[in-house]
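J.: A predicted structure for the sequence below; I have some questions about it.
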Amino acid sequence: MIKTSKKTTAKRAGERGPAMSGSEILVACLEREGVDTIFAYPGGASMEIHQALTRSKKIRTVLPRHEQGGAFAAGGYGRATGRAGVCMATSGPGATNLVSGIADAYMDSVPLIAITGQVPQAMIGKGAFQETDIYGMTLPIVKHSYLITDVNEIPRIVKEAFHLAQTGRPGPVLIDLPKNVQQARTQPIFPKEVHLRGYNPNKRASDLELNEIIGLIEKSERPLLYVGGGIITGNASEELRQFALATQIPVTTSIMGCGAFPETHSLSLRWLGMHGAAFANWAVSGEFAPRKNPADPPKKIAPGADLLLAFGVRFDDRVTGKVDKFCEGGTIVHIDIDASEINKNRKVNLPIVSDVKYALGRLVKMLDERPIEKKFTAWHRQVAAWKAKAPFGYVVSEEVMKSHHMRDHLKGREKEVILPQMAIEALYELSKGEAIITTGVGQHQMWSAQFYKFKHPRQLLTSAGLGAMGYGYPAALGAKVAFPDKQVVDIDGDGSFLMNVQELATAHIEKIAAKAIILNNQHLGMVMQWEDRFYAGNRGNTYLGDPKNRKQIYPDYVAVCKSFNVPCERVMYQKDLRPAIQRMLDANGPYVLDIIVPYTEHVLPFIPANRPVADMIWHV
Amino acid sequence: MRHTISVLVENKFGVLTRVAGLFSGRGYNIDTLNVAPTADPTASRMTIVTRGDDATLDQIVKQLNKLVDVIKVQDFREGEFVDRELVLVKVAVDSKTRAEVMQIADIFRAKIVDVQPKSLSIEVTGEESKVEKLLNLMKSFGVMDLTRTGKVALPRK
């Protein structure tokens, strides 16, 4: 039965403001939401709002040099703080340039508000200059979106947008605002509350369900926690730590979950999946004897977890590999706040829709009253043996010694070669493991997660789901604006860095001291790795240098950075590595290191796409 | 498997596109779709008939629930709901067949809503099987045109 709701139509209590234009109302609403920074690039359909922003005393407007940079910076801000990052662009191309940033926020559940100017309502649908249906275009990649048609609706919509972006499973919300609405004047009413009858983010597990988890733990011999970004967005790291300590269950994370549990802790199994730790993958699905022939049946030599506690994860294909072999035979408990994640990628035995912070907090209380007797000693011994057997590592291989890189750049000083992993290890040590790290996408992204150990949530900001190259440096700007006192370093590849290289201007002009390390191998490393493994090394547009002059590093990032007035050093030899990193960390402004590394390195371990753990290549 | 899904939504622009997008984005076809306001003018009810494997439809229903403008979703199973469809069908007739067509319409408690020298327009309401039967019978006379509302459904309880 439907109850006719008078409440939705009646004017609700709110605070009436003085007569203002739509643009001024929007800015007033942003101030009320506590926004301190907006990443915005002006244009014809959004300049009204920029005019209003010049009069704001509370909001800093950062001008990126490309709308995509602005969207990624807002995403970095959102990931680093947990509060919605805000970006804005004009209609048409400005709006379409935001799309990758919105998609990234959607895939990785990042709170983001994207505001777009739109042509005046009378021009919509007429193919007007810089008109595009951004509302329609972004429908599949937003948590929600609005096209504002009435100036009186702005306060309600902005309040709803922030509520939606930041609660439940966070995500991007788009607000499209036509120019005539920006210019229209009214006395706004700022509502106090949000009323959305189709939206309820307050999901809580019942004690019955949670008791069942405790029962399963007591029955299990080899329990394992597999946790992800949900722990971080749900601010549940402390509860997770207490739960892991109380139960002594080892913890592995997805790459989105790096830092959800301190990776330096003895219970940590780092992260799992395609390029995750071999020991984490074994702990989930078991260890298999190496096979001579891939057609031979896999032989399990040690079983993996018999109970997998999957909290705040989505069983991404880069995590599971062949999904029905993932923890095959084990009992799986899945807690997620988003009901649509349940049984989406992997059927589980005990699905629970709940806020994970509540669920873990309640579990800790229950365990306080009735502690678990089991110690899982044999399982801990097995896990320790696996950790000792296959740690993340690297060697200067024959292949590196024979490579073009050595011939072209290191003749006579071959022993001084810098492997990409060495650079990250050095950064980890010199930054004492406390820096906020952002990355581009590819090999350097995987190595960053492997060789930097994350102790805190929101310490690794990476485009994991969408995998958007060019994410690293703008995201670092966003994080640095939010945390000016923290060290923020973008570990990037030469391909990814070039995709938003223009943001060096933003860093210099806005005085945002975000640092960047380019692990420059003159190649599109990850695609090249797949070429080597699956396409007999045939290069399909994966060389990024100048083919006519391979001995010269191209482009010359030192010169590029100089033109932006950003200091940059090229680092070629091991002896220069640590001093250069130290100079970068000590710098008060933006600083770039162009570290030249061989292209021959592959990221290991490696589970080829859609293959089981039995097919993992892990010997370095 | 065939599903009848009832979706109560906010009566706002863009809702239909969001709902339809969940189907089209997965390569699923909507067999019928009906949308109209409910007793509450701020809400509309959609009745969607679609077919597909249960796991995918389960996902679609969950995704529907996730949409902010969706208030309630019900995936009806056999017997849990009453459903009706309204069909307008224009049948070719001449002086010889007109009476027979009218007789058949009468048996189905269908109404003749328009009479032309060479055609009859019939309005029929009912559950799917009744409508299908009538349409089958009309085929032999010649169906000139046809429009149907698609299924509308309400839960019994």
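T.: Right, received. Where do you want to start?

J.: please make it C-alpha for all contacts and neighbour counts, starting now.
T.: Fine.

J.: residue in chain B nearest to chain A?
T.: Relative to chain A, the nearest point of chain B is B:Ile71 (4.1 Å; Cα to the nearest Cα).

J.: name the nearest residue to that residue, ignoring sequence neighbours.
T.: A:Gly198 (4.1 Å; Cα to Cα, 6 or more residues apart in numbering or on different chains).

J.: now the longest strand along chain B: buried residues?
T.: Assignment by DSSP state E gives strand B:81-92 as the longest strand of chain B. Counting neighbours by 16 or more other Cα atoms under 10 Å in any protein chain shown, one finds that the buried residues in strand B:81-92 are B:83-92.

J.: which residues sit in contact with the one residue sitting closest to the centre of chain A?
T.: What sits nearest the mean C-alpha location of chain A, by Cα atoms, centre = their mean, is A:Thr462, with 3.5 Å. By Cα atoms under 8 Å, 6 or more residues apart in numbering or on different chains, A:Thr462 lies in contact with A:256, A:438-441, A:445, A:471-472.

J.: run the last query once more with 10 Å
T.: A:75-76, A:79, A:104, A:108, A:255-256, A:437-441, A:445, A:448-449, A:468-469, A:471-472, A:475-476, A:490 (Cα atoms under 10 Å, 6 or more residues apart in numbering or on different chains).

J.: again with A:Tyr358
T.: Contacts of A:Tyr358 by Cα under 10 Å, 6+ apart are A:202-205, A:234, A:236, A:239, A:364.

J.: look at the residue of chain A found nearest chain B and give its secondary structure.
T.: Nearest residue of chain A to chain B (Cα to the nearest Cα) works out as A:Gly198 at 4.1 Å. Classification of A:Gly198 by DSSP: H, G, I helix; E, B strand; the rest coil places it in coil.

J.: can you report how many residues lie near it?
T.: 16 (other Cα atoms under 10 Å in any protein chain shown).

J.: that one and B:Asn11 touch, don't they?
T.: No: counting by Cα atoms under 10 Å, B:Asn11 is not a contact partner of A:Gly198; they are 11.9 Å apart.

J.: pretty sure B:Ile112 is in a strand, no?
T.: Yes: if the criterion is three-state DSSP, then B:Ile112 is within a strand.

J.: check contacts around the residue nearest to A:Asn235 when sequence neighbours are not counted.
T.: Spatial nearest neighbour of A:Asn235, chain neighbours left out: A:Lys357 (6.7 Å); criterion: Cα to Cα, 6+ apart. The contact partners of A:Lys357, taken as Cα under 10 Å, 6+ apart, are A:204, A:230-240, A:311-312, A:337, A:363.

J.: one more time with 7 Å
T.: A:234-236, A:239 (Cα atoms under 7 Å, 6 or more residues apart in numbering or on different chains).

J.: so can I have TSV of the residues you listed showing neighbour count, distance to A:Pro93 and secondary structure?
T.: Shown next, in TSV, are the contacts of A:Lys357 (neighbours: other Cα atoms under 10 Å in any protein chain shown; distance: Cα to Cα, whole Å; DSSP: H, G, I helix; E, B strand; the rest coil):
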residue	neighbour count	distance to A:Pro93	secondary structure
A:Gly234	19	34	coil
A:Asn235	17	36	coil
A:Ala236	22	39	coil
A:Glu239	21	44	helix
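
J.: mind putting these in a markdown table, pLDDT included?
T.: Formatted as a markdown table, the contacts of A:Lys357 follow (pLDDT from 0 to 100):
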| residue | pLDDT |
| --- | --- |
| A:Gly234 | 97 |
| A:Asn235 | 98 |
| A:Ala236 | 98 |
| A:Glu239 | 98 |
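
J.: which pair in the residues you listed spans the largest distance?
T.: Pairwise distances across these (Cα to Cα) peak at 10.4 Å, for the pair A:Gly234 and A:Glu239.

J.: from A:Ala289, how far out is A:Lys300?
T.: 6 Å (Cα to Cα, to the nearest Å).

J.: swap that for B:Pro117, sorry
T.: 83 Å.

J.: run a quick neighbour tally on A:Asp586.
T.: 11.

J.: actually B:Asp53, not the one I wrote
T.: 10.

J.: residues in contact with it?
T.: Counted by Cα under 7 Å, 6+ apart, B:Asp53 has contacts B:Met1.

J.: does A:Gly85 have beta-bridge partners, and which?
T.: Beta bridges link A:Gly85 to A:Leu112, judged by DSSP bridges.

J.: wait, doesn't it sit right on A:Ala114?
T.: No: judged on Cα atoms under 7 Å, A:Gly85 makes no contact with A:Ala114 at a distance of 8.5 Å.

J.: re earlier: in what helix or strand does the residue of chain B closest to chain A lie?
T.: strand B:70-76 (DSSP states H and E).

J.: pull up the pairing partners for that strand, direction included.
T.: Here, using DSSP bridges, strand B:70-76 pairs with strand B:2-10 (antiparallel).

J.: how far off centre is the partner strand?
T.: 12 Å (Cα atoms, centre = their mean, to the nearest Å).

J.: buried stuff in whichever helix or strand comes after that strand?
T.: Later in the chain than strand B:2-10, the nearest helix or strand by DSSP H and E is helix B:15-24. Neighbour-count burial for helix B:15-24 flags B:15, B:18-20, B:22-23 (criterion: 16+ other Cα under 10 Å).

J.: save those residues as TSV, and put in pLDDT and distance to chain A too.
T.: Converted to TSV, the buried residues of helix B:15-24 look like this (pLDDT from 0 to 100; distance: Cα to the nearest Cα, whole Å):
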residue	pLDDT	distance to chain A
B:Val15	95	10
B:Arg18	95	7
B:Val19	95	10
B:Ala20	93	11
B:Leu22	90	8
B:Phe23	89	11
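
J.: tell me which of these is nearest to A:Pro598?
T.: Once Cα to Cα is applied, the member of these that ends up nearest A:Pro598 is B:Leu22, at 45.1 Å.

J.: state the distance from the closest residue to the closest one other than its chain neighbours to B:Arg26.
T.: Computed as Cα to Cα, 6+ apart, the closest residue to B:Leu22 that is not its neighbour in sequence is B:Ile60, at 6.5 Å. To B:Arg26, B:Ile60 is 9 Å away according to Cα to Cα.

J.: between these two, which one's more packed in?
T.: B:Ile60 (18 against 10).

J.: give the burial count for residue 54, as a bare number.
T.: Just so you know, I chose chain A. 12.

J.: correction: the question concerned chain B.
T.: If we define neighbours as other Cα under 10 Å, then B:Asp54 has 12 of them.

J.: what comes into contact with stretch A:227-245?
T.: A:82, A:250, A:252-254, A:256-257, A:260-261, A:310-313, A:356-357, A:360-361, A:364, A:457-458.

J.: stretch B:100-112 now?
T.: By Cα under 7 Å, 6+ apart, stretch B:100-112 touches B:120-124.

J.: run the chain-centre distance for it.
T.: 21 Å.

J.: now do stretch A:198-209
T.: Counting by Cα atoms, centre = their mean, stretch A:198-209 comes out at 26 Å from the chain centroid.
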